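**Q** build the 3D model from these lines:
(chains A, B, C and D)
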Protein chains: 2
Amino acid sequence: MARTGRPREFDRDKALDAALVLFWEQGYEPTSLNQLKACMGNISPASFYAAFGSKEALFREVVQRYLQTHGQVMAPLWDETLSPRDAIERTLRASARMQTTRTHPQGCMMVLGACNCSPENQPVQSLLEDERARNRSGIAACVRRAVISGELEDSAATEVLPTLFATFLHGLSCEARDGNKAKKLDTAVTMLMQIWDNLAEASGTASRHS
Amino acid sequence: MARTGRPREFDRDKALDAALVLFWEQGYEPTSLNQLKACMGNISPASFYAAFGSKEALFREVVQRYLQTHGQVMAPLWDETLSPRDAIERTLRASARMQTTRTHPQGCMMVLGACNCSPENQPVQSLLEDERARNRSGIAACVRRAVISGELEDSAATEVLPTLFATFLHGLSCEARDGNKAKKLDTAVTMLMQIWDNLAEASGTASRHS
DNA sequence: CTATTTCCGTACTGATTAATATGGAAAACT
DNA sequence: AGTTTTCCATATTAATCAGTACGGAAATAG
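**A** This is a model prediction of the structure:
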């Protein structure tokens, strides 16, 4: 445990953050080790591999860091103290704001981070695919809660609600990357939530009739 | 005009189609010339460069071909014989169906074809970005038509309608690529169109009141 | 101090990248 | 036939890719 020997000269956390930004901006494959080493403080190949193992291992670590920081905009989906509708709305609004913030690359890294991959990097692609699947199941869980609580009725329309929200959520990345402003996307969220309200009203009417 | 000399041995059109599928599946950068030449009928480098000029030139040609075939699902947006609402609905439904068809890669090539690019390939990225901008302005044109015809009123909500539809449209690529089924996405379109109807109804009510 | 341990600068690996050079074969025109 | 034109197989280019080998420098432990 007591670390002996020469201590590393660069800040591992800072290097990780720098790599995060680069991967976020360019995606996994086009980002070269030379670029990475440069932005991580001109570290040497020896230092890089000693500290992070490989390009793929670094990327996996970067993804974890992203999820624990910027990715926390998705957290409301699993917060059962929030009403299902509120959870989804908060998630969409926070995502829209985060993805358009200019202090880092635009769009969501889980959507844009490994879009274009050679067959050999399929595992990296799957890593992000799994995260997107988590998003969908989080939304689906909210809808399920709303059905159980009676806020929504268990109809065919309710069943595709998760797909609708997920499509919009993941579409935000494209819009943010292409330069759409936070306010516009936020207002779009407001309008999208009308669909929930339409269904909730229908359910309320139905239960009032029963 | 009269072509003399030895005729080329491979079918240029077939080769272009094969390249289209490969680019569509993997994206611009990860697709190597070796892969391209292989799928285009094991043509030689000499044949490749003689016929297509360069990887980027081939990609640009592929994009044009895509737009003239699969990309025609966007055509309703510029068809003024259709009602604005119908134009958007047809576009979304046709996109959802096309992007989930299993006879070719899933998702839209204009969204997924050059997501991850090195700085040096920025021009390629911009090429697709421009096409996505065209999509947005097509949707915006439909909304403008609806405002002029009185179907929608000129409100703040109406103003973000294009952003809402564009976000959904471009989000379809992510959902299709991740394996969502045509029917689910189509039903999601049905629900999304409710927002148009909400606004149209409000406009109708307003004009009835005036 | 010496011994140990880790870090890092440099050089280098083999593989792959997009793109070219060369030269013979094949087809068409005269 | 003879000439011209194009096509294509092969070999090769310089650059870059991710990842390693090695050896001196630096810091801690005793």
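
**Q** from here on, just use CA atoms for contacts and neighbour counts.
**A** Noted.

**Q** what about the residue of chain A found nearest DNA strand D, how many neighbours?
**A** Of all residues in chain A, A:Ser32 sits closest to DNA strand D, at 3.2 Å by Cα to the nearest atom of the strand. By the criterion of other Cα atoms under 10 Å in any protein chain shown, A:Ser32 has 15 neighbours.

**Q** ok, it to chain B distance?
**A** Note on A:Ser32: its distance to chain B, by Cα to the nearest Cα, to the nearest Å, is 9 Å.

**Q** model confidence for that residue, exactly?
**A** Listed pLDDT for A:Ser32 reads 97.

**Q** run through the residues of chain A sitting next to DNA strand C.
**A** A:3-10, A:43-47, A:50-51 (Cα under 7 Å from any atom of the strand).

**Q** please parse chain A into its domains.
**A** Here the domain parsing of chain A from automatic domain parsing is A:12-65, A:73-209.

**Q** thinking again about what came up before, just the buried ones from the residues of chain A next to DNA strand C?
**A** A:Ile43 (16 or more other Cα atoms under 10 Å in any protein chain shown).

**Q** in the strand or helix carrying A:Arg93, what's buried?
**A** Here A:Arg93 is covered by helix A:84-100, with elements defined by DSSP states H and E. Residues of helix A:84-100 classed as buried: A:84-85, A:87-100 (neighbour count, 16+ other Cα under 10 Å).

**Q** of those, closest to B:Met74?
**A** Distance to B:Met74 across these (Cα to Cα) is lowest for A:Ala96, with 25.6 Å.

**Q** where's A:Arg145, which helix or strand?
**A** A:Arg145 belongs to helix A:122-149, assigned by DSSP H and E.

**Q** do any residues in the next helix or strand after that helix lie close to chain B?
**A** Downstream of helix A:122-149, the first helix or strand assigned by DSSP H and E is helix A:156-177. Yes. Helix A:156-177 comes into contact with chain B (Cα under 8 Å from any Cα of the partner chain), by way of A:157, A:160-161, A:163-164, A:166-172, A:174-175.

**Q** after helix A:156-177, next one along is what?
**A** Following helix A:156-177 toward the C-terminus (DSSP H and E): helix A:182-209.

**Q** list the buried residues in that next one.
**A** So for helix A:182-209, counting by 16+ other Cα under 10 Å, buried means A:182, A:184-193, A:195-196, A:198-200, A:203-204.

**Q** tell me the contacts of the residue lying closest to A:Thr101 once chain neighbours are set aside?
**A** Using Cα to Cα, 6 or more residues apart in numbering or on different chains and skipping the chain neighbours, the partner closest in space to A:Thr101 is A:Ala182 (7.8 Å). Going by Cα atoms under 8 Å, 6 or more residues apart in numbering or on different chains, A:Ala182 touches A:96-97, A:100-101.

**Q** include distance to B:Pro105 and pLDDT when you put those residues into a markdown table, please.
**A** Formatted as a markdown table, the contacts of A:Ala182 follow (distance: Cα to Cα, whole Å; pLDDT from 0 to 100):
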| residue | distance to B:Pro105 | pLDDT |
| --- | --- | --- |
| A:Ala96 | 28 | 98 |
| A:Arg97 | 31 | 98 |
| A:Thr100 | 29 | 98 |
| A:Thr101 | 32 | 98 |
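
**Q** from these, which is closest to B:Ala38?
**A** For the contacts of A:Ala182, the nearest to B:Ala38 is A:Thr100 (40.7 Å; Cα to Cα).

**Q** contacts only, for the closest one.
**A** A:106-107, A:176-177, A:179-182.

**Q** any quick ChimeraX command for the buried ones out of these?
**A** This is the ChimeraX syntax for the buried subset of the contacts of A:Thr100, where burial follows 16+ other Cα under 10 Å:
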select /A:106,107,176,177,180,181,182
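
**Q** can I get the contacts of A:Thr100 in JSON lines with pLDDT and distance to B:Ala19?
**A** Compiled in JSON lines, the contacts of A:Thr100 are given as follows (pLDDT from 0 to 100; distance: Cα to Cα, whole Å):
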{"residue": "A:Gln106", "pLDDT": "98", "distance to B:Ala19": "30"}
{"residue": "A:Gly107", "pLDDT": "98", "distance to B:Ala19": "28"}
{"residue": "A:Ala176", "pLDDT": "98", "distance to B:Ala19": "29"}
{"residue": "A:Arg177", "pLDDT": "98", "distance to B:Ala19": "26"}
{"residue": "A:Gly179", "pLDDT": "98", "distance to B:Ala19": "30"}
{"residue": "A:Asn180", "pLDDT": "98", "distance to B:Ala19": "32"}
{"residue": "A:Lys181", "pLDDT": "98", "distance to B:Ala19": "35"}
{"residue": "A:Ala182", "pLDDT": "98", "distance to B:Ala19": "37"}
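
**Q** rebuild the contacts of A:Thr100 as TSV, extending it with distance to B:Leu67.
**A** Converted to TSV, the contacts of A:Thr100 look like this (distance: Cα to Cα, whole Å):
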residue	distance to B:Leu67
A:Gln106	27
A:Gly107	25
A:Ala176	23
A:Arg177	22
A:Gly179	23
A:Asn180	24
A:Lys181	27
A:Ala182	30
